[in-house]
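Q: any chance you could fold what I've pasted below:
(one chain, ligands or ions: 2)
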Amino acid sequence: MPLTIHSRKISPDGSHIAGEEAPSILDIGENQGIRAQEPVKYDFFVQVVSRELVVKGSVNTQLSLECVRCGAFFSTYIEDSSFLRAYEISEEVETVDLTEDIREAVLLKVPNFPLCSSQCKGVCLQCGQDLNAGTCACEPPHWENRWGALDQLDSK
Ligand SMILES: [Zn+2]
Ligand SMILES: [Zn+2]
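A: Ligands and ions are numbered 1, 2, ... in the order given. The predicted structure is shown next:
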């Protein structure tokens, strides 16, 4: 359901609007490394300033993101605490739809390279073992050997 605000219902001193919307307003498709299952919460102060409806406040939700290192999904809190938008209103246009801007505000806060933890060890590139769960028997990657060889050169 889209989140709309009717400018006539806003008091002259501004109105406080808070609530939550279904995660479907985020319109996140499959396979993007993001799962939205929790409601999107908003807390706004809305005011009509001359010909504009000004919406100020915060938007937050809990998203499940795919770790770029280990591929596991983890839950993380996403918040835009400085949501600020202005919408032109007129005699004809009295209703404003915030859905798209809320969606954008949340998605902009999603990290480009989500990590389940800064300590995440990822998976072994050779056997696929989740290195957070335990080590595997693979040889270390070649580049490590190469650095080792350089160290030996230095010490000569
Ligand atoms: Zn991870
Ligand atoms: Zn391995």
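Q: any idea of the pLDDT on the spatially closest residue to residue 61 that is not a sequence neighbour?
A: Of all residues not flanking residue 61 in the chain, residue 40 sits nearest, at 4.4 Å (C-beta to C-beta, 6 or more residues apart in numbering). From N, CA and C alone the C-beta is placed, and that goes for glycine too. You'll see residue 40 listed with a pLDDT of 97.
Q: now do the one 5 residues further on
A: Confidence at residue 45, expressed as pLDDT, is 97.
Q: that one: what secondary structure?
A: Classification of residue 45 using DSSP: H, G, I helix; E, B strand; the rest coil returns strand.
Q: ditto for residue 92
A: Each residue gets one of three states, and residue 92 gets coil by three-state DSSP.
Q: how far away is it from residue 69?
A: The spacing between residue 92 and residue 69, counted by C-beta to C-beta, to the nearest Å, is 52 Å.
Q: okay, those two: which has more neighbours?
A: residue 69 (18 against 5; other C-beta atoms under 10 Å).
Q: OK, contacts around the more buried one?
A: Contact analysis of residue 69 by C-beta atoms under 8 Å, 6 or more residues apart in numbering lists 115, 116, 120, 121, 122, 123.
Q: how about a cut-off of 6 Å?
A: Contact criterion C-beta atoms under 6 Å, 6 or more residues apart in numbering gives 120, 122 as the residues in contact with residue 69.
Q: repeat that for residue 47.
A: Residue 47 makes contact with 14, 54 under the criterion C-beta under 6 Å, 6+ apart.
Q: pretty sure residue 53 is touching residue 6, no?
A: No: using C-beta atoms under 6 Å, residue 53 makes no contact with residue 6, being 9.5 Å away.
Q: and these two? Which one has more around it.
A: Between residue 53 and residue 6, counted using other C-beta under 10 Å, residue 53 has the larger neighbour count: 22 against 11.
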